[in-house]
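Asker: Fold the following and give me the result.
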Amino acid sequence: MSGEPLTASLESVRRLVVSKQHLSGRLPSRPTSDSLLAVVRDLAYVQWDPVSIVAPSHLLTCWARLGEFRPALLEQLLWHDKSLFEHWTPMASLVLAEDYPLYLSLMRRYPESLTRSWGNHRERAKRFLSQHADLRKRILRDLRKGPRSIGQFEDHRTSKRNAGEWSASSDVSLMLFHLTMTGEVMVVGHEGAQNVWGLSEDFLPDWVDRDPLSEEEAEREAAQRAIRALGVATPREITLYFPRGRYDHLKQTLERLEEEAAIHRVAVEGLAHQGQQYVHHQDVPLLESLGTGRFEPRLSLVPPFDNMVYCQSRGNRLFGFDYIREQFLPKEKRKFGTYVLPIVWGEKFIGRIDPRLDKTVGTLQINAVHAEPAAPRERAVAEKINETISSLARFVGAKKVQYTSRVPPAWRHELR
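Answerer: Got it, this is the predicted structure:
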């Protein structure tokens, strides 16, 4: 381990994190395909989720960083330009086709590329693939005739979720998952919220690099991508962020990167005794400048599956913000609402909203607005919250915003 760590204030580190997550500065005046690709590139992935209580999570993640962009841009990049594709990281995610050599490295080694953090999934995957070799052949044979949705496979029969399984499934859906992980098939379209599957070799454009990185190269590239997306990160946060649970030699990889001065340890004032934390050498100048007033704050709303709130312990550690996805809790245990969007102002989490889109009447219903204990009470902040919620309403096609009485008193004049 080389040299003394860099030192940085907690405020500077928070600002770096927010900046690297595209949640500071001005929104682009006219978002383009390049703007959208830049967001996915800098975040490394955007989690795909079709649940539409307000709008699908991947659209909200992009909206938080681009403003009122045209969702058709995303469809163009996915299905026409094919600059993006869907893959598991291990969540269903939108990722860059230019990163295909990294994913192909993991695909070629699957299921051995699953680490112990996946529990017994590696052994289960090996056993399933061995026991269902004929099913694999039938699915690949069917897909050679053209893409199809899950219901178009003859063998598809949905069953209840078994203990330890990823989700309720059939042998066909589970095989499609494994074949996605091996790189033989991929999502090539959607029918509503359903995936349409096809052969990767037929879908990927000719310009995609099909030369896989070595295992060492893949770990080096992935670790640096994760650190740059996170701003500052511990080894555990790197492992959980991208690609989750796919590092076999992270300790050694980080040591080599530090010896080469590609990354640096950083000591954050006020966060002593919390283990090693790293910043990428390309971001050191930005980190240093953020302590001298260069930071331009912005108010953002981020969805439950956003990259900014991917790890509960990280939110607590860096921001003192405890965020739980309450849609997975029984109704009686929910404290803030069903589909709660945190409010980020500058380098702080200052509150949360509980919205729901009523498409029948074209209303974005704000069931509640909650302020964090130390949230600013200024009228200007409340106005920014109102402006951002209004932008969200326009983005999801609502004609009006309707608040309930559950609004902090200091913000009530503007949020009504």
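Asker: Am I right that Leu10 is in contact with Glu269?
Answerer: Yes - counting by Cβ atoms under 8 Å, Leu10 does reach Glu269; the two are 5.9 Å apart. Glycine gets a C-beta too; all of them are placed from N, C-alpha and C.
Asker: okay, these two: which has more neighbours?
Answerer: The neighbour comparison of Leu10 against Glu269 (other Cβ atoms under 10 Å) goes to Leu10, with 15 against 12.
Asker: phi, psi of that one?
Answerer: Dihedral angles phi and psi of Leu10 (degrees, to the nearest 10) take the values phi -60, psi -40.
Asker: residues contacting it?
Answerer: 268-271, 318 (Cβ atoms under 8 Å, 6 or more residues apart in numbering).
Asker: With adjacent residues omitted, what lies nearest to it?
Answerer: Closest residue to Leu10 apart from its sequence neighbours, by Cβ to Cβ, 6 or more residues apart in numbering: Gly270 at 4.7 Å.
Asker: now Val17
Answerer: Closest residue to Val17 apart from its sequence neighbours, by Cβ to Cβ, 6+ apart: Gly231 at 3.9 Å.
Asker: Helix, strand, or coil at the residue nearest to Thr115 when sequence neighbours are not counted?
Answerer: Nearest non-adjacent residue to Thr115, counting by Cβ to Cβ, 6+ apart: Gly245, 5.2 Å away. Assigned with DSSP: H, G, I helix; E, B strand; the rest coil, Gly245 falls in the coil class.
Asker: For Gly245, list the residues it contacts.
Answerer: 90, 114-115, 117-118, 239.
Asker: doesn't Val279 make contact with the residue nearest to Val17?
Answerer: Yes - look at Gly231 against Val279 with Cβ under 8 Å: they come within range, at 7.0 Å.
Asker: who touches both of those two?
Answerer: Common neighbours of Gly231 and Val279 (Cβ under 8 Å, 6+ apart) are 16, 287.
Asker: what helices or strands is the lengthiest helix in the chain leaning on?
Answerer: The residue-count maximum for a helix in the chain (DSSP state H) belongs to helix 379-396. Helices and strands touching helix 379-396, by 3 or more Cβ pairs under 8 Å, 6 or more residues apart in numbering; DSSP states H and E, are helix 57-66, strand 299-301, strand 341-345, strand 348-358, strand 363-371, strand 400-403.
Asker: could I get the ones you listed as JSON lines with distance to Leu94?
Answerer: Output for the helices and strands packed on helix 379-396, formatted as JSON lines (distance: least, Cβ to Cβ, whole Å):
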{"stretch": "helix 57-66", "distance to Leu94": "6"}
{"stretch": "strand 299-301", "distance to Leu94": "19"}
{"stretch": "strand 341-345", "distance to Leu94": "19"}
{"stretch": "strand 348-358", "distance to Leu94": "22"}
{"stretch": "strand 363-371", "distance to Leu94": "24"}
{"stretch": "strand 400-403", "distance to Leu94": "28"}
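Asker: Tell me who's in contact with Asp354.
Answerer: Counting by Cβ under 8 Å, 6+ apart, Asp354 makes contact with 336-341, 366-370.
Asker: quick one on the thing from earlier: count of residues packed around the residue nearest to Leu10?
Answerer: Neighbour count for Gly270, taken as other Cβ under 10 Å: 9.
Asker: Now find how far off-centre the helix or strand hosting Val13 is within its chain.
Answerer: Val13 belongs to helix 10-20 when assigned by DSSP states H and E. Relative to the centre of its chain, helix 10-20 is centred 18 Å away, using Cα atoms, centre = their mean, to the nearest Å.
Asker: Just want the angle from it to strand 348-358.
Answerer: For helix 10-20 against strand 348-358, the angle by axes from the mean of the first three to the mean of the last three Cα atoms, to 10 degrees is 40 degrees.
Asker: shaky segments in the stretch 51-200 of the chain?
Answerer: 155-169 (pLDDT under 70).
Asker: And stretch 174-190, end to end?
Answerer: 18 Å (Cα to Cα, to the nearest Å).
Asker: who's in contact with that stretch?
Answerer: Here stretch 174-190 has contacts from 79, 85-88, 103-104, 106-108, 110-111, 125, 128-129, 132, 135-136, 139-140, 143, 147, 150, 165-166, 169, 195-200, 202-204, using Cβ under 8 Å, 6+ apart.
Asker: And the residues you listed, which of them are buried?
Answerer: Burial by neighbour count, 16 or more other Cβ atoms under 10 Å: within the contacts of stretch 174-190 this picks out 79, 85-88, 103-104, 106-107, 110-111, 125, 128-129, 132, 135-136, 139, 143, 147, 150, 169, 195-200, 203-204.
Asker: Out of those, list just those in strands.
Answerer: 85-88, 195-199 (DSSP state E).
Asker: State the pair within the residues you listed that is farthest apart.
Answerer: Trp88 and Leu199 (17.4 Å; Cβ to Cβ).
Asker: Need the pLDDT of the residue nearest to Thr115.
Answerer: Looking at Gly245, its pLDDT is 92.
Asker: could you measure it against Gly119, distance?
Answerer: Separation of Gly245 from Gly119 (Cβ to Cβ, to the nearest Å) stands at 9 Å.
Asker: Could you check how far Trp63 is from Ala55?
Answerer: From Trp63 to Ala55 the distance is 8 Å (Cβ to Cβ).
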